[in-house]
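Q: Quick check, what structure comes out for this input:
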Amino acid sequence: MATVEQRYRRLMRILPTWYRQAHEEQMVDQLLFDDGGVLGPGQARLSWQEKFGMLQLAVRTHLPASGTPGAPARAIRRAGVVRALGLLGLLSGVLNFGISVAQSLWAPYPNEPNVLEVMTMWNLSDIVPIVALVLLAKEKRTSAKVAMGASLVSSWVCMLIVGVVPEWFLLQLPAAVAFACLCSGFHRDAPMPSVRRPAMWSAWAFAFPLGGALLHNGFLLTPWNNVMTVAAAVFGVRVVAFIRGDAALGRALSLFAFLLAPTVAVIYYSAPRLYLESCSIAGALLLLSVLLPVGRASIPSARLL
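A: Below is the predicted model of the structure:
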């Protein structure tokens, strides 16, 4: 029967090579000291607490913070992309909230002219990313993750209640991936975003659909034109990231644009002919966002947005 040491070494394979080479023997010695080495047949197993702790350590070491001793630059850059993608998920939620408010002001549903009556549970879930950004700025990581998880689940529940076709669950793919990046990227050792920059980006994300609806007298508020609004926002920020040489944000935006592709495809095949042009423009903007060169990083990965 395998000893605790053998089981522990097998479990440590989920850690990155650079960390195992530096700390494996030290960690095994600590385990032997704590557990007494080879245990009896009924005890030669690691506890769930030890397994969960190893999983948490794997996340922290695969996505290390800048300045982590021994962490390769490639891993730090990857962690910066993951954290940026998590923040982009929050900002896209703020953008969706702006679209919901614009729809309430310019295009209320029949027999529901009051703005508050239009704000359904689905719309209210769009407020959560703003709350999550504030919680992250206050270093309340767990609360931010729980809030976003609850928002994502509520959206799925609403879709099931309304009876949306299965293809529309693809619309939740970017939010689901961004939520996974939020949970894995913002661990206890990760840098937290400052208040000023996310607040600035959130203000732009909220105002963008309102400004577009005001200029076009609500024309952009159909579901088919909403996707063009989102694609235009992604492309605009992608250009900004390229100009200022922010490679982490640029790669995150490329991935986010790629994740939005199924959304555009679903909406394109369900849109009336009048709005096919909007979907085509959205697809072209997202394609440019994916293919636009990233450039060499000239901004530290710890600078979040």
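Q: If we go by neighbour counts, what in the longest helix seen in the chain is buried?
A: When the chain is parsed with DSSP state H, its longest helix is helix 73-106. Going by neighbour count (16 or more other C-beta atoms under 10 Å), the buried part of helix 73-106 is 75-104, 106. Where C-beta positions appear, they are placed from N, C-alpha and C, glycine not excepted.
Q: and it, average pLDDT?
A: Average pLDDT, helix 73-106: 83.
Q: Off-centre distance for that helix?
A: Distance, stretch centre to chain centre, for helix 73-106: 6 Å (C-alpha atoms, centre = their mean, to the nearest Å).
Q: Tell me who's in contact with L85.
A: Neighbour list for L85: V177, A178, C181, G185, A252, L255, F256 [criterion: C-beta atoms under 8 Å, 6 or more residues apart in numbering].
Q: what's the answer for L46, then?
A: Applying C-beta under 8 Å, 6+ apart, we find L46 in contact with V4, R7, Y8, L11.
Q: got these as CSV, with distance to A132 columns?
A: Formatted as CSV, the contacts of L46 follow (distance: C-beta to C-beta, whole Å):
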residue, distance to A132
V4, 40
R7, 37
Y8, 36
L11, 32
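Q: from those residues, which is closest to P209?
A: L11 (47.5 Å; C-beta to C-beta).
Q: before we move on, which element is the closest one in?
A: Assigned by DSSP states H and E, L11 belongs to helix 4-11.
Q: How far does that helix sit from its chain's centre?
A: Centre to centre, stretch against its chain (C-alpha atoms, centre = their mean), the figure for helix 4-11 is 33 Å.
Q: Likewise for stretch 4-24?
A: Between the centre of stretch 4-24 and the centre of its chain there are 29 Å (C-alpha atoms, centre = their mean).
Q: what's the span of that stretch, first residue to last?
A: End-to-end span of stretch 4-24 (C-alpha to C-alpha, to the nearest Å): 14 Å.
Q: tell me the mean pLDDT for it?
A: 87.
Q: Run through the protein and note the low-pLDDT ranges.
A: Under the criterion pLDDT under 70, the flagged ranges of the chain are 1-2, 32-45, 103-125, 162-169, 195, 212-225, 271-275, 295-305.
Q: mind giving me the domain split of it?
A: What automatic domain parsing lists as the domains of the chain is 4-62, 79-291.
Q: Those domains into TSV, with extra columns for distance to P69?
A: TSV is the format used below for the domains of the chain (distance: least, C-beta to C-beta, whole Å):
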stretch	distance to P69
domain 4-62	8
domain 79-291	11
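Q: and among those domains, the most buried is which?
A: Each of those was scored by mean neighbour count; the highest is domain 79-291, a mean of 18, by mean count of other C-beta atoms under 10 Å.
Q: nearest spatial neighbour of A252, skipping sequence neighbours?
A: Once flanking residues are discounted, A252 sits nearest to A84: 3.7 Å by C-beta to C-beta, 6 or more residues apart in numbering.
Q: That neighbour and R251: what is the separation?
A: 8 Å (C-beta to C-beta, to the nearest Å).
Q: The helix or strand encompassing L160 relative to helix 73-106, how many degrees between them?
A: Using DSSP H and E, the element containing L160 is helix 141-162. Interaxial angle, helix 141-162 versus helix 73-106 (axes from the mean of the first three to the mean of the last three C-alpha atoms, to 10 degrees): 50 degrees.
Q: show me the contacts for the residue lying closest to L287 once chain neighbours are set aside.
A: In this structure, L287 finds its nearest non-sequential neighbour in A257, 7.8 Å apart by C-beta to C-beta, 6+ apart. Contacts for A257 (C-beta under 8 Å, 6+ apart) come out as A231, V234, F235, R238, L286, L287, S289, V290.
Q: what about 6 Å?
A: Counting by C-beta atoms under 6 Å, 6 or more residues apart in numbering, A257 touches V234, L286, S289, V290.
Q: which ones among these are found in helices?
A: Cross-referencing the contacts of A257 against helices under DSSP H gives V234, L286, S289, V290.
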